[in-house]
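**Q** Model the following, please.
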Amino acid sequence: MEAKKKEHLRLEKNSSLYFVIGMALVLALIYTALEWKTFDSNTDYTSQLDPPDVLEPEIPPITINMPPPPPPKIQVPVDFDIKEDDEDVVEDVIESNDVDQDTEVMEPQSFDFIKEEVEPKVTWVTIEEAPVFPGCENASDKRACFSEMMQKHIRKNFRYPQQAIDMGLQGKVYLQFTVKTDGSIGNLEMRGPHSILEQEAYRIITKLPKMEPGQQRGKAVKVPFSIPITFQLQ
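**A** Here you go, the predicted model:
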């Protein structure tokens with residue numbers, strides 16, 4: 001059998017109300033404690049900054065005396081002895097070279113202009129008449145005959161240098177020379193794997209015979225020609 005509780009004695013009935021009231025009282029006490037101010041009843045204040053008993057002496061200002069300026073230099077007057085000229089001096093009159101309306105104009109003269117002839121630059125392919133190697137005068141294709149005779153000349157005069165054989169030197173030497181207007185050889189240039197092979201190629205080319213020069217528009221001109229010489233050990 002459950003015991004009956006009296007309604008007015010139940011504590012949990014107004015617990016929320018009591019909790020809110022308690023919190024309000026606690027907050028009021030905390031606020032009062034934080035904002036509480038107290039004042040000192042002693043109104044006799046004394047200065048905390050007492051003047052020192054001994055005053056430091058004042059340092060007098062330092063005065064720097066500058067040296068006086070040097071006295072001005074006294075210029076000594078110079079006596080001039082003026083002498084009269086013994087001879088009358090004739091002053092030169094400088095005439096102006098400016099051109100004005102009274103200046104005489106020279107009549108124009110005839111001048112002979114010498115036109116410098118520019119030698120046409122040609123190549124072995126573009127030359128109208130290629131140089132003629134001796135023995136190719138009657139050939140139908142003088143260019144092909146020139147190349148063939150060059151090969152014969154190289155084979156005839158070719159000599160493998162003994163020093164190159166001992167050193168095992170071989171390769172191609174590329175040569176370029178010019179058949180000049182008198183048929184001789186000039187402007188010889190070469191490039192090879194070694195100077196020994198280049199010297200032998202130079203010797204072969206310098207033995208070329210004199211040729212008939214190339215013709216461009218009926219006039220002898222310089223014609224360049226290039227050829228390689230192969231050095232190969234057996």
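**Q** Pass me the low-pLDDT residue ranges in this protein, would you?
**A** 1-13, 38-69, 73-97, 99-101, 103, 105-120 (pLDDT under 70).
**Q** residue ranges of the strands in it, please?
**A** 171-179, 185-191, 214-216, 219-221, 223-231 (DSSP state E).
**Q** Just name the most buried of those.
**A** Per-stretch averages of neighbours, counted by mean count of other CB atoms under 10 Å, single out strand 214-216 among the strands of the chain, with a mean of 21. All C-beta spots, glycine's among them, are computed from the backbone N, C-alpha and C.
**Q** what residues does that strand touch?
**A** Residues lying outside strand 214-216 but in contact with it, judged by CB atoms under 8 Å, 6 or more residues apart in numbering, are 120, 122, 127-131, 179, 220-223.
**Q** before we move on, the earlier item: closest to Met149 out of the strands of the chain?
**A** Go through the strands of the chain one by one with CB to CB and the one that ends up closest to Met149 is strand 223-231, at 11.5 Å.
**Q** still on that earlier bit, just name the closest of the contacts of strand 214-216 to Leu233, please.
**A** Scanning those for proximity to Leu233, where the rule is CB to CB, the winner is Val179, at 31.9 Å.
**Q** Neighbours of Phe19, how many?
**A** Under the neighbour criterion other CB atoms under 10 Å, Phe19 is assigned a count of 10.
**Q** likewise the one 10 residues further on?
**A** For Leu29, the tally of surrounding residues (other CB under 10 Å) stands at 10.
**Q** Then Lys152?
**A** Look at Lys152: counted by other CB under 10 Å, it has 11 neighbours.
**Q** ok so, going back, with distance to Ile165 added, can I get the contacts of strand 214-216 in TSV?
**A** Compiled in TSV, the contacts of strand 214-216 are given as follows (distance: CB to CB, whole Å):
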residue	distance to Ile165
Pro120	45
Val122	40
Ile127	39
Glu128	44
Glu129	42
Ala130	36
Pro131	34
Val179	32
Ala220	42
Val221	41
Lys222	37
Val223	35
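**Q** from the residues you listed, which is closest to Ala144?
**A** Checking the contacts of strand 214-216 against Ala144 by CB to CB gives Ala130 as the nearest, at 9.7 Å.
**Q** Gly192 and Ile229, how far apart?
**A** From Gly192 over to Ile229 the distance is 8 Å, taken as CB to CB, to the nearest Å.
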